[in-house]
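Asker: fold the following and give me the result.
(2 chains)
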Protein chains: 2
Amino acid sequence: MAEQSLSVFKTTSYQEKPFDHELSFGRTFTDHMFLMDYSEESGWHDARITPYQPLQIDPAAMVFHYAQSVFEGLKAYRSPEGDPLLFRPKQNLARLNQSNDRLCIPQVDEDFLLEALKQLIHIEQDWIPHTEGMSLYIRPTIISTQSFLGVAPSTNYKLIIILSPVGAYYKEGINPVKIAVENEYVRAVRGGTGEAKTGGNYAASLKAQETAGKDGYAQVLWLDGVEKRYIEEVGSMNVFFKIGNEVVTPRLNGSILNGITRDSAMQLLRHWGYDVVERDITIDELYDHYQQGDVKEAFGSGTAAAISPIGQLDWGENKMVFNNGETGYLARNLYDTLMGIQYGQQYDPFNWVVNVNQPVQSHVS
Amino acid sequence: MAEQSLSVFKTTSYQEKPFDHELSFGRTFTDHMFLMDYSEESGWHDARITPYQPLQIDPAAMVFHYAQSVFEGLKAYRSPEGDPLLFRPKQNLARLNQSNDRLCIPQVDEDFLLEALKQLIHIEQDWIPHTEGMSLYIRPTIISTQSFLGVAPSTNYKLIIILSPVGAYYKEGINPVKIAVENEYVRAVRGGTGEAKTGGNYAASLKAQETAGKDGYAQVLWLDGVEKRYIEEVGSMNVFFKIGNEVVTPRLNGSILNGITRDSAMQLLRHWGYDVVERDITIDELYDHYQQGDVKEAFGSGTAAAISPIGQLDWGENKMVFNNGETGYLARNLYDTLMGIQYGQQYDPFNWVVNVNQPVQSHVS
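Answerer: You can find the predicted model right below:
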């Protein structure tokens, strides 16, 4: 696979780009996309950048029936010099292959895919918004395309990378959100697919989100599927609590996504001297700490929103308000620092940022 | 929706139909398919029978990313008089709407869809194989088609019905299969999507099936996601055990599919005077009964295979061989009776069969 080549077919009809202030999240797509096909005979092949266009997919394609698919999410940011910057893209591609393994999808060549992604971003760099806080969202997806109605791993796949210039994920910005603890529905369970970034986890989450939304909540806090006590994730983000002098986040137990923003937040917090503890934590324990006045802050972490402070967490009748419902010190500092690094405005102590316009270097991660 | 109309666009290039002996499961598709679209403005609309053809789907369509999709499976059988027969189709359409509810997909008009399905089968009836045991598999699927990368229910959907003439699901016919109890992976959990017929459940099952397949097993027996003790399903079938004089099948606990063949088997068994008990049953309890010599038979039930006898069930080091590894009395009788009714060769005591060529009657179900 290493010697694979990348063909580029440019569009002949460029779209007019929207103004930055017109952008919301994930509704506008750029002029080009990346495609690559897999067959048992040829492996991954025919890597190409093409005009953005509908896919022609057989109605019997397995992805429509058995949801054998994985995806990733990352962003390109515009530096003060105008260069497109990627944030820890190797981590996303490594996680893509971890998801592939769980979903019986063949591994991709991460180095080749990173180079292809960089070339795609290079071609589409004018699509990266200039406004602070905005970026170009990158969505790699692998779908199973064999026309077969038996339940088995597909023999054919398509890898797609599409790009979407985005405003803030939450229109309200980094204002704290109100969250409900979900007691009925479950997102994932140990032995399931919770650690993989696969469509089924998100489909399973819709009903709870819809119900919570009607009750005025921005997201739900997921508990574990076994005992319904252990805190797992919030919406589609990892979650952190500052309890006393420690920052606590649920450990990676197999049903939690191994978030790259989660890892980046932990590294920054430790760099700043905080005790960060990855461990099991129940909702009961959190509530006990809350009643004792020990829970200073709560926030979610994820690529789409970066850091999302939690102002209020309702667990049935028990209401928890963190930091008077305002954005806390840690959430604010993590948000500002992540943004500063991602946009190339601030020193990058961990060598996280990859400049698409610069020659390849080796990156720590 | 009741006054919705159905347009028919016939193909101009009919395929040459394969010989029955060339058919396997789910790889050949007929000349036409049914399509219907949903939008928030128009509801379900534009119902049409069209030539079978690839779908044009935007790469940002939500089904590729968040697996918001549901499906059904049923079959058309050829009667001795040559008429196309459907087996309990109203049950499938009712279950489709139950799955829709769990996946936040808008409800469909079951009566309209049944009439559309009958018209599709009427047009494609020459595709129903003449060979005994073969049939025309019917796959209704709903996919989410909004081009949007946010995690939320789609605003647009496409309902597709495709048809596939099929041989036996298991090439070896009604021979008993060897099954492994799955101890690591989990298919579904209470509060999850196990009761819905949605792609994510099947994607989650692939890894375990692949691993078991390498070890020489046809399928896995799934245990519950909470305690990993309660028997749930076998592969993508419901499961029955004859223990002493009772026939035991796991109760519908929210993570088990409400199988139509399961219900039909229960009705037939009760009609024949057997005690059928729907209850929780652990793998430990089953093994205890087995050691006492009380487990007379084990079999799976599902649309694809109808009845699939289990010859051997391996639970780690504990091997259970049922009925000397041969097809048991109940499995054989259920299989023969279901086939007899489905193919219109036998008295249909429950009025299950719908003759597509006859005017609409009211059916019990």
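Asker: now do A:I49, the pLDDT please.
Answerer: Looking at A:I49, its pLDDT is 98.
Asker: number of residues surrounding the residue of the stretch 251-365 of chain A found nearest chain B?
Answerer: With C-beta to the nearest C-beta as the measure, A:A304 is the residue of the stretch 251-365 of chain A nearest to chain B, at 8.4 Å. Quick note: C-beta positions are derived from backbone N, CA and C, even for glycine. Using other C-beta atoms under 10 Å in any protein chain shown, A:A304 is surrounded by 21 other residues.
Asker: what's the answer for A:Y14, then?
Answerer: 12.
Asker: that one contacts A:H32, correct?
Answerer: No. Contact between A:Y14 and A:H32 fails when scored by C-beta atoms under 8 Å: they sit 9.7 Å apart.
Asker: re the thing from before, in a helix, the residue of the stretch 251-365 of chain A closest to chain B, correct?
Answerer: No. Using DSSP: H, G, I helix; E, B strand; the rest coil, the assignment for A:A304 is coil, not a helix.
Asker: the stretch 201-350 of chain A: strands as residue ranges?
Answerer: Here the stretch 201-350 of chain A has its strands, by DSSP state E, counting those that start in this stretch, at A:219-223, A:231-234, A:238-243, A:246-249, A:275-278, A:295-302, A:306-315, A:318-321.
Asker: reformat the ones you listed as CSV; add mean pLDDT and distance to chain B.
Answerer: Formatted as CSV, the strands of the stretch 201-350 of chain A follow (pLDDT from 0 to 100; distance: least, C-beta to the nearest C-beta, whole Å):
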stretch, mean pLDDT, distance to chain B
strand A:219-223, 96, 9
strand A:231-234, 96, 12
strand A:238-243, 98, 15
strand A:246-249, 98, 21
strand A:275-278, 98, 23
strand A:295-302, 97, 11
strand A:306-315, 96, 13
strand A:318-321, 98, 20
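Asker: switch those strands over to CSV; also include mean neighbour count and distance to B:N355.
Answerer: Output for the strands of the stretch 201-350 of chain A, formatted as CSV (neighbours: other C-beta atoms under 10 Å in any protein chain shown; distance: least, C-beta to C-beta, whole Å):
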stretch, mean neighbour count, distance to B:N355
strand A:219-223, 25, 48
strand A:231-234, 25, 51
strand A:238-243, 24, 56
strand A:246-249, 20, 61
strand A:275-278, 14, 62
strand A:295-302, 25, 54
strand A:306-315, 24, 55
strand A:318-321, 16, 59
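Asker: okay, domains of chain A per the record?
Answerer: Structural domains assigned to chain A are A:6-167, A:177-342, following automatic domain parsing.
Asker: same list, the ones you listed, but as CSV with distance to B:P18 please.
Answerer: CSV is the format used below for these (distance: least, C-beta to C-beta, whole Å):
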stretch, distance to B:P18
domain A:6-167, 15
domain A:177-342, 33
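Asker: one step back: okay if I get the strands of the stretch 201-350 of chain A as TSV plus distance to B:D83?
Answerer: Below are those laid out as TSV (distance: least, C-beta to C-beta, whole Å):
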stretch	distance to B:D83
strand A:219-223	51
strand A:231-234	53
strand A:238-243	58
strand A:246-249	63
strand A:275-278	64
strand A:295-302	56
strand A:306-315	58
strand A:318-321	62
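Asker: tell me which of those strands sits nearest to B:P89.
Answerer: The closest of these to B:P89 is strand A:219-223. By C-beta to C-beta, the value is 36.4 Å.
Asker: any regions of chain A where pLDDT drops low?
Answerer: A:1-3, A:168-173, A:359-365 (pLDDT under 70).
Asker: closest residue of it to chain B?
Answerer: A:G200 (2.1 Å).
Asker: would you say that residue is within a strand?
Answerer: No. A:G200 is assigned helix when assessed by three-state DSSP, not a strand.
Asker: you'd agree it is up against B:G199?
Answerer: Yes. Under the criterion of C-beta under 8 Å, A:G200 makes contact with B:G199 at 6.5 Å.
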